[in-house]
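Enquirer: Need coordinates for the below:
(chains A and B)
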Protein chains: 2
Amino acid sequence: MKTTASPEILSLLPIDRELATPLQQQIYDGIRNAILAGLLRAGQRVPSTRALATDLGVSRLPVLTAYDQLLHEGYLEGRIGSGTFVSVSVPDDALRSVSPIQSRRSTKHSPSRTARTGRGRHLADPLPRHRDDGGFRPFRVSLPALDQFPHTIWSRLVARHARALTPARMAYGDPAGVASFRAAVAEHLRTARAVRCEAEQVLIVSGSQAALCICAAALLGRSDIVAMEEPGYPGAHSALATRGAVIAPVPIDHEGIQIDSLNALGSKVRAAYVTPSHQYPIGTAMTATRRLELIEWATRHSAWILEDDYDSEFRYVSRPLGALQGMDAHERVIYIGTFSKVLFPSIRVGYIVVPPSLRDEFLAAREALDIFSPTLYQLALTDFIREGHFARHLRRMRALYLSRRGALLEGLAAHCADHLTIHNADAGLHISTLLHDGVDDRDVVRRMIARGLSGAALSTCYAGDACQTGLLLGFGGSDETVITGATRVLGEILRQGA
Amino acid sequence: MKTTASPEILSLLPIDRELATPLQQQIYDGIRNAILAGLLRAGQRVPSTRALATDLGVSRLPVLTAYDQLLHEGYLEGRIGSGTFVSVSVPDDALRSVSPIQSRRSTKHSPSRTARTGRGRHLADPLPRHRDDGGFRPFRVSLPALDQFPHTIWSRLVARHARALTPARMAYGDPAGVASFRAAVAEHLRTARAVRCEAEQVLIVSGSQAALCICAAALLGRSDIVAMEEPGYPGAHSALATRGAVIAPVPIDHEGIQIDSLNALGSKVRAAYVTPSHQYPIGTAMTATRRLELIEWATRHSAWILEDDYDSEFRYVSRPLGALQGMDAHERVIYIGTFSKVLFPSIRVGYIVVPPSLRDEFLAAREALDIFSPTLYQLALTDFIREGHFARHLRRMRALYLSRRGALLEGLAAHCADHLTIHNADAGLHISTLLHDGVDDRDVVRRMIARGLSGAALSTCYAGDACQTGLLLGFGGSDETVITGATRVLGEILRQGA
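Expert: Alright, predicted model coming up:
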């Protein structure tokens, strides 16, 4: 098999053992960048993992890991009996159009800087809030492990900046946010999420809800159409419809939002709201092919893509996916994130990364909304990121959530398997499950609440008629023992309802 | 003169020397409440100050002070040679309509509780922001004395709550705000601003700009007309026009917004934005007569009054005026305030007091905007108010600003009197002045900026053609020496331009 490893691909993979970046990541980045830059074309065969490992002089494990991720994301596809290829369905044009940006920015934005280190990613807030059911009940969707937050460090940083509050920090601040904080966010997004941005493109806002309101104010007029994934995040509706825009639900399939359906909406579509890294509520990741098709669609229609990158930080089955924004050479993507879930909701700090061409509109919309965000938390967060606490917290939480997710999957297998199918448990803070046809998921959730549980009904995430019923079960906010007990109760509820 | 003191009016003035409330305030409240309740009618004569003092068995000073305030606010009017009367122009109907509410609430909301103690009022943010000229230059409009803020106390409270941040305080909070904080704000507004409200009516938001956006979302549809005072606060435009509403500038006179012009706008007017306690930018206080006419107008048209009570806290020529909201028996007033100026702008905490009938709409609009406000500052502010630091800070600032205002008035008299007329210096953090006809105030401001000063041009506050030019000169942010020096520079600038 060694012969399939062409010299070309080796030149694209400048593996450097001296770098802190793990080998698997260097390999992943090299191949991905080569595909995006058009250096590896659709249908082109890539070396086998064994051959590439030999040629690179590395063990096979990092190559296997990198290929697995690339297959998962849809950059590569396997053909039985004949090897591994660059996906045929990746549109050639979309790929080639990325290349100038890639090379233009390559000096200041080298692959190792864009490499996703698996640390320090963010979670936005896709929670269809249940203001009254809420609290800390088991299965509460999108609730992080608040008791595991490093309180002592955080309160020390807050107290430090509260003491040091100078008149300049007390006065009206920059509507875009505190400069040092924007720089820290931009750096984090570049390295952890492969977002291509400078600090000037970052606007600090009070969370993803405010971010969506600002998007609506900056981009949408009356009767404009906004496409939304169906099923999708209900909280986005109210914000995006602010200016009289019309929400058009667009079905998703296993690759992501359906481009045919998008095209069918015609030319009045101004924007599409998507959750490419972890579809809310279903959980699937948008494939590379679909991402490129979506960017191509937006470019052709002069439409905008609103990327809500809400909880791709916590990924359990493969490495975290890079942001859609990082693949966009046409500056059609507005990228949204928040610290609500990765730290805690009442911090009320989020951000928007806007294309340079839109900066003035967004700044005006942001200022009209509430002028600027409180300064104290921006300063404390800057230190929290710069001093490494943020990355450390994320690492700890990833291990914690992996264990809690494991308890939930085991509990569901033991107690609920006859009534409920796991649909997706790849990432984030909840598992999406499907109920049997004809089971009313809202009724199940009502009975769960009556028994002291939380959770959300999948059918509430449909703007139109729900075509599936199921349960969204959060596992972030409860420990393993509680989760196991809760699955036992859920099993009883499901048996009673059957 | 003793005979004019009717027994009726004495029964309306249950003076109690045991109360902490000063006598002058008890007298003021008693007469004002009697007028609002229709117990004293338009045109009715009231006792002379000497007679009333004798009948009440108090010295004349508190009676003089109370009458002076009532005359200033337009509840009373003097007729040369014949005494003092309840204003004839106060509309009878408007007065009588207040009475049921007054009596309905009298048990839980006694006059001494509604009494305005002269402490603890708020400032909203009516600053036409000058993001780049800004900083701490002399004459910067709406800049408080940030260096005089009690940093040590504040940082202790913030640190206390940062340390005590429980999971419940870190999770998603009530969109209306932290309950204890809303109760503290409601109590403060009742006693300091004569706002009639319960904690349930208070929504905590991130400042007056956000408050106006929420008003627009809750109340205004496309093509609705919103009346705004002309000249008025430019920052309100962008927020109120959010949903496609049309801004209609309505001229003001020396009593406030002109009702005839409001009526001329017809029935499509959904709301009127006003600054009754200290008109921005001019500085006049809306008279009681005009307030009642405005409420009557709103009731007749089913329109809403948006009361931005922005800096009535700091009043130098008479006691602070009660809020318009407190005179409204028809629940047409939405009351807006913020801690930006009374504490510091980067705190980003404000509030809306909504009529009970509108609570659901406002809560939905508030939640759609950015879900809820950060919890930490709400908790710290609750303690800051409850422990008396807020009232103490306001008292200190009132004395400080009085002295800074004095320095500005003296400096203007000494250096600028030939070129500039003081228009209003009654209240707040700036003085409004008029320039001679034909002098371009924007040009003067440009030259002020070039000389290291700040300030704002009156003509920028007109939505239509400016009919007056002048300078708004802030005195909150600089000490007396700096202010005196700045007036000397301003004198040079004005002489050069003449």
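
Enquirer: ranges for the helices of the stretch 251-400 of chain A?
Expert: A:259-264, A:288-301, A:359-370, A:375-386, A:389-415 (DSSP state H, counting those that start in this stretch).

Enquirer: need those in CSV with distance to chain B, can you?
Expert: (Glycine included, C-beta is placed from N, CA and C.) Output for the helices of the stretch 251-400 of chain A, formatted as CSV (distance: least, CB to the nearest CB, whole Å):
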stretch, distance to chain B
helix A:259-264, 25
helix A:288-301, 24
helix A:359-370, 4
helix A:375-386, 4
helix A:389-415, 13
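
Enquirer: Reformat these as TSV; add distance to residue A:14 and mean neighbour count.
Expert: Listed next are the helices of the stretch 251-400 of chain A as TSV, based on distance: least, CB to CB, whole Å; neighbours: other CB atoms under 10 Å in any protein chain shown:
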stretch	distance to residue A:14	mean neighbour count
helix A:259-264	35	15
helix A:288-301	22	23
helix A:359-370	34	20
helix A:375-386	29	23
helix A:389-415	26	18
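
Enquirer: out of the ones you listed, nearest to residue A:180?
Expert: Residue A:180 lies closest to helix A:375-386 among these, at 5.0 Å (CB to CB).

Enquirer: Which other helices and strands does the closest one contact?
Expert: helix A:151-163, helix A:167-170, helix A:179-193, helix A:389-415, helix B:375-386 (3 or more CB pairs under 8 Å, 6 or more residues apart in numbering or on different chains; DSSP states H and E).

Enquirer: can you tell which of these is closest to residue B:455?
Expert: helix A:167-170 (18.9 Å).

Enquirer: Now render the helices of the stretch 251-400 of chain A as TSV, adding distance to residue A:309 and mean pLDDT.
Expert: TSV is the format used below for these (distance: least, CB to CB, whole Å; pLDDT from 0 to 100):
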stretch	distance to residue A:309	mean pLDDT
helix A:259-264	20	96
helix A:288-301	12	95
helix A:359-370	17	93
helix A:375-386	17	95
helix A:389-415	14	95
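
Enquirer: how about TSV for those helices, with distance to residue B:141 added?
Expert: As requested, the helices of the stretch 251-400 of chain A are exported to TSV (distance: least, CB to CB, whole Å):
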stretch	distance to residue B:141
helix A:259-264	49
helix A:288-301	43
helix A:359-370	17
helix A:375-386	21
helix A:389-415	39
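
Enquirer: quick one: which of the ones you listed is nearest residue A:470?
Expert: Of the helices of the stretch 251-400 of chain A, the one closest to residue A:470 (CB to CB) turns out to be helix A:389-415, at 12.1 Å.

Enquirer: re the thing from before, possible to save the helices and strands packed on helix A:375-386 as a markdown table with distance to residue B:289?
Expert: Below are those laid out as a markdown table (distance: least, CB to CB, whole Å):
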| stretch | distance to residue B:289 |
| --- | --- |
| helix A:151-163 | 47 |
| helix A:167-170 | 40 |
| helix A:179-193 | 50 |
| helix A:389-415 | 59 |
| helix B:375-386 | 34 |
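
Enquirer: Could you check those and tell me which one is nearest residue B:349?
Expert: Per CB to CB, nearest to residue B:349 of the helices and strands packed on helix A:375-386: helix B:375-386, 5.6 Å.

Enquirer: ok and that closest one relative to helix A:151-163, angle-wise?
Expert: If you take axes from the mean of the first three to the mean of the last three CA atoms, to 10 degrees, helix B:375-386 sits at 60 degrees to helix A:151-163.

Enquirer: got the contact list for helix B:375-386?
Expert: A:158, A:346, A:374, A:376-377, B:120, B:153-154, B:157-158, B:160-162, B:165, B:169-170, B:173, B:177-178, B:180-181, B:184-185, B:188, B:204, B:339, B:343, B:347-349, B:390-391 (CB atoms under 8 Å, 6 or more residues apart in numbering or on different chains).

Enquirer: To residue B:287, which of the helices of the stretch 251-400 of chain A lies closest?
Expert: Per CB to CB, nearest to residue B:287 of the helices of the stretch 251-400 of chain A: helix A:359-370, 32.2 Å.

Enquirer: tell me what that closest one is packed against?
Expert: strand A:202-205, helix A:208-219, helix B:208-219, helix B:234-240.

Enquirer: and the gap between residue A:373 and residue A:302?
Expert: Distance of residue A:373 to residue A:302, given as CB to CB, to the nearest Å: 30 Å.

Enquirer: likewise residue A:83?
Expert: To residue A:302, residue A:83 is 40 Å away according to CB to CB.

Enquirer: Tell me which of those two has more neighbours.
Expert: residue A:83 (14 against 11; other CB atoms under 10 Å in any protein chain shown).

Enquirer: close enough to count as contact, that one and residue A:50?
Expert: No - judged on CB atoms under 8 Å, residue A:83 makes no contact with residue A:50 at a distance of 11.1 Å.

Enquirer: for the stretch 101-250 of chain A, which spans come out with low pLDDT?
Expert: Residue ranges of the stretch 101-250 of chain A with pLDDT under 70: A:101-134.

Enquirer: Would you pull up how far the longest strand seen in chain A lies from the middle of the chain?
Expert: As assigned by DSSP state E, the longest strand anywhere in chain A is strand A:246-253. Computed by CA atoms, centre = their mean, to the nearest Å, the chain-centroid distance of strand A:246-253 equals 19 Å.

Enquirer: neighbouring strands for that strand, and are they parallel or not?
Expert: strand A:225-230 (parallel), strand A:256-257 (antiparallel) (DSSP bridges).

Enquirer: re earlier: out of the helices and strands packed on helix A:359-370, nearest to residue A:326?
Expert: Taking CB to CB, strand A:202-205 is the member of those nearest to residue A:326, at 14.7 Å.

Enquirer: Quickly list the domain ranges of chain A.
Expert: Per automatic domain parsing, the domain ranges recorded for chain A read A:7-96, A:164-387.

Enquirer: Take those domains and lay them out in CSV including distance to residue B:444.
Expert: Shown next, in CSV, are the domains of chain A (distance: least, CB to CB, whole Å):
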stretch, distance to residue B:444
domain A:7-96, 56
domain A:164-387, 23
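
Enquirer: okay, those, which one's buried deepest?
Expert: Neighbour counts (mean count of other CB atoms under 10 Å in any protein chain shown) averaged over each of the domains of chain A peak at domain A:164-387, with a mean of 22.

Enquirer: next one: that domain to chain centre, how far?
Expert: 10 Å.

Enquirer: end to end, how far does it reach?
Expert: In domain A:164-387, first residue to last residue: 18 Å (CA to CA, to the nearest Å).

Enquirer: How about stretch A:161-174?
Expert: Start-to-end, stretch A:161-174 (CA to CA) is 18 Å.

Enquirer: Repeat that for stretch A:252-268.
Expert: Using CA to CA, one end of stretch A:252-268 lies 20 Å from the other.

Enquirer: which outside residues touch it?
Expert: By CB under 8 Å, 6+ apart, stretch A:252-268 touches A:74, A:223-225, A:227, A:229-231, A:248, A:250-251, A:269, A:272, A:274, A:276, A:279, A:282, A:284-287, A:289-291, A:293-294, A:297, A:301.

Enquirer: Looks like residue A:153 contacts residue A:388 (just checking).
Expert: No - under the criterion of CB under 8 Å, residue A:153 makes no contact with residue A:388, lying 10.3 Å away.

Enquirer: Between the two, tell me which one has more neighbours.
Expert: A direct count of neighbours by other CB under 10 Å for residue A:153 and residue A:388 places residue A:153 higher, at 15 against 11.

Enquirer: which residues does the nearest residue to the more buried one once chain neighbours are set aside contact?
Expert: Using CB to CB, 6 or more residues apart in numbering or on different chains and skipping residues adjacent in sequence, the residue nearest residue A:153 is residue A:389, 5.4 Å away. Residue A:389 sits next to A:150, A:153, A:154 when contact means CB under 8 Å, 6+ apart.

Enquirer: Great, nothing more from me.
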